[in-house]
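1. Please find the sequence and the predicted model below.
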Amino acid sequence: MTAVIEVNGLTKRYRDTLAADGVSFTIEKDTIYGLLGRNGAGKTTVMSILTAQNFATSGDIRVFGEHPYENAKVLSRMCFVRESQKYPDDARPDHAFRIARLFYPHWDQEFAERLIDDFQLPMKKTIKKLSRGQLSAVGVIIGLASRAEITFFDEPYLGLD
């Protein structure tokens with residue numbers, strides 16, 4: 001198998017809090033992994049470091065054999081759907097999908113539309129006014145329709161029926 005992610009000795013410290021302590025793992029191509037741990041164990045921190053949205057205190061991270069930081073070639077091949085994703089107050093799901101379509105080179109609009117129908121997502125309602133499950137559906141749709149080579153979901157099931 002071919003490793004698409006290699007993490008060696010990843011440590012992240014926030015002042016007095018150790019969020020990740022010497023984490024090492026390899027993720028192989030064309031496989032599905034689950035990152036399990038109690039609340040506060042550092043799962044979201046690790047995913048945010050892998051997607052260059054946070055910096056490690058120490059350790060080495062390689063995605064597709066390269067460092068992900070400020071690396072558009074690597075970052076355009078990954079999608080990170082955060083549980084706590086923030087949107088502008090007036091943003092609607094159709095705005096989020098339009099932006100995602102611009103960012104992800106393999107965006108599958110037909111698949112996104114099918115998922116929107118399956119989730120019965122109200123497209124004209126602001127994201128701020130969506131239920132917890134509908135908000136999770138927005139993230140799931142972006143993550144799946146991105147057709148990114150690597151997709152990270154941070155608690156995508158919250159509130160889903």
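-> Great, that's in hand.
2. check contacts around Gln85.
-> Contact analysis of Gln85 by Cβ atoms under 8 Å, 6 or more residues apart in numbering lists 135, 139. Every residue, glycine included, has its C-beta placed from N, CA and C.
3. how much space between it and Arg38?
-> Gln85 sits 22 Å away from Arg38, going by Cβ to Cβ, to the nearest Å.
4. can you give me the strands in the protein?
-> 3-14, 17-28, 58-63, 78-81, 150-153 (DSSP state E).
5. Put together JSON lines for the ones you listed, with distance to Ser131 on each row.
-> Shown next, in JSON lines, are these (distance: least, Cβ to Cβ, whole Å):
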{"stretch": "strand 3-14", "distance to Ser131": "31"}
{"stretch": "strand 17-28", "distance to Ser131": "30"}
{"stretch": "strand 58-63", "distance to Ser131": "34"}
{"stretch": "strand 78-81", "distance to Ser131": "17"}
{"stretch": "strand 150-153", "distance to Ser131": "18"}
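6. Looking at those, which one is packed in the most?
-> strand 78-81 (a mean of 22; mean count of other Cβ atoms under 10 Å).
7. Summarise which helices and strands it is packed against.
-> helix 43-50, helix 132-145, strand 150-153 (3 or more Cβ pairs under 8 Å, 6 or more residues apart in numbering; DSSP states H and E).
8. Would you mind telling me which of those is nearest Lys12?
-> Evaluated over the helices and strands packed on strand 78-81, closeness to Lys12 peaks at helix 43-50, with 5.3 Å, by Cβ to Cβ.
9. Confirm for me that Glu155 is in contact with Met47.
-> No - under the criterion of Cβ atoms under 8 Å, Glu155 makes no contact with Met47, lying 10.6 Å away.
10. Compare neighbour counts for the two and give me the winner.
-> Met47 (19 against 14; other Cβ atoms under 10 Å).
11. show me the contacts for that one.
-> Shown in contact with Met47 (Cβ under 8 Å, 6+ apart): 35, 80, 152, 154.
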